[in-house]
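Engineer: Show me the folded form of this:
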Amino acid sequence: MQIAISGNIGAGKTELTKLLAKHYGYRAVYGPTEENPYLSSFYEDMRRWSFNMMVHSLYANIKQLAELQERKVSFIRDRSLYDDVYIFAPNLQSMGLMTTRDLTTYTNLFEMTYSLLPQPDLLIYLRGDVPTLIRHIQKRGRELESSIRLDYLTNLNNRYEHWAENYEGKMLVVDMDECDFVESREDLGQIINRIDAEFNSLFANK
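Structural biologist: Modelled structure (predicted):
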C-alpha cells in the first residue's frame, strides 16, 4: 500500500505523515528535500539554480521510490512526484525562473522514469489558503523558507487547485483552513475515518 501526501509549502505534509504512519503502522517516508545541495542556492537565485534543483530532486525521489518498491513495504510519503512535475516546475517556467527548454528536458526525464514506478493507491491533498500556509511556515521556523516570496506561494496554490481538479486517481482532500490535525485529536480522527473509507473501497475493487 502506498499513500502520498501532497500540498503546498507549509501545508503540513510532514506532520500528517508522522501521525498516519504511527496510526497504521506503515513506514514513514520523507522526500529528500533537505539533502538537495542546490536548495539554498535556489532560494538565493531561483533563475540560476531552478533547473539544477529540480533535476536533483527528481533523481533523489525516483531513487527513493525505486528502493521502496524493491523492498515491497507499505508506506506513507510526505510528497509525491506529481508535486514537482505538475506544480513546481511549470510554476518556475511561468515566472520566468526556468526556460521552456529546461522544462521540456525535465518533463521528459520524469515521463521516462516515473512510468516504471507504482502509482499511489491513495493521494491526500492538503489544501490551504496562503495565510494558513504562511502561519505554518513561520511556526516551524525553517531558515531556508524565510525568504519565500508571497507571489511564489500564491502561484503554487493556484496550480495545486487546477491539478487537483483534474487528478484521475483516488484523492482525499483535507481543508487545512478548517482542520488542525496536529492540535486536535478529533480532526485527526476525522481524517483517519475518511482514509479508512477509501481503504475499504480500494480493497473492495481488488
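Engineer: residues in contact with the worst-scoring helix or strand of the chain on mean pLDDT?
Structural biologist: Every helix and strand of the chain was ranked by mean pLDDT, DSSP states H and E. The lowest is helix 130-140, at a mean of 82. Helix 130-140 has contacts (Cβ atoms under 8 Å, 6 or more residues apart in numbering) with 8-12, 128, 145, 148, 150, 153-154, 157, 176-177. Every C-beta, even on glycine, is put in place using the N, C-alpha and C of the backbone.
Engineer: try it again with 10 Å
Structural biologist: The contact list for helix 130-140 (Cβ atoms under 10 Å, 6 or more residues apart in numbering) reads 7-12, 14-15, 126, 128, 145-146, 148, 150-151, 153-154, 156-157, 175-180, 182.
Engineer: Output it as CSV, nothing but the C-alphas.
Structural biologist: Below are the C-alpha coordinates for helix 130-140, written out as CSV (Å, rounded to 0.1, in the frame of the first residue of the first chain):
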residue,chain,number,x,y,z
VAL,A,130,-1.9,31.4,1.7
PRO,A,131,-2.4,33.0,5.2
THR,A,132,-2.7,29.5,6.6
LEU,A,133,0.5,28.4,4.8
ILE,A,134,2.4,31.4,6.0
ARG,A,135,1.3,30.8,9.6
HIS,A,136,2.6,27.2,9.4
ILE,A,137,5.9,28.3,7.8
GLN,A,138,6.5,30.9,10.5
LYS,A,139,5.6,28.5,13.2
ARG,A,140,8.2,25.8,12.1
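Engineer: ok, and for the helix or strand following that helix, which residues are buried?
Structural biologist: Later in the chain than helix 130-140, the nearest helix or strand by DSSP states H and E is helix 150-166. Buried residues in helix 150-166, counted by 16 or more other Cβ atoms under 10 Å: 152, 153, 155, 156, 157, 159, 160, 163, 164.
Engineer: now for the helix or strand just after helix 150-166, which elements pack on it?
Structural biologist: Counting by DSSP H and E, the next helix or strand C-terminal to helix 150-166 is strand 171-175. Judged by 3 or more Cβ pairs under 10 Å, 6 or more residues apart in numbering; DSSP states H and E, strand 171-175 is in contact with strand 2-7, strand 122-127, helix 150-166, helix 185-204.
Engineer: with the buried residues of helix 150-166 in mind, which one is nearest to residue 28?
Structural biologist: The shortest gap between residue 28 and any of these belongs to residue 160, at 22.5 Å (Cβ to Cβ).
Engineer: tell me the pLDDT at residue 109?
Structural biologist: pLDDT, the model's per-residue confidence, is 93 for residue 109.
Engineer: Next secondary structure after the lengthiest helix in the chain?
Structural biologist: In the chain, taking DSSP state H as the definition, the longest helix is helix 46-71. Sequence-wise, the next helix or strand downstream of helix 46-71 (DSSP H and E) is strand 75-77.
Engineer: Partner strands of that following strand, with direction?
Structural biologist: strand 2-7 (parallel), strand 27-29 (parallel) (DSSP bridges).
Engineer: Need the residues that contact the shortest one.
Structural biologist: Read it as strand 27-29. 2-4, 14, 17-22, 64-65, 67-68, 71, 73-79.
Engineer: Now with 8 Å, please.
Structural biologist: By Cβ under 8 Å, 6+ apart, the list of residues contacting strand 27-29 from outside reads 17, 18, 21, 22, 64, 68, 73, 74, 75, 76, 77, 78.
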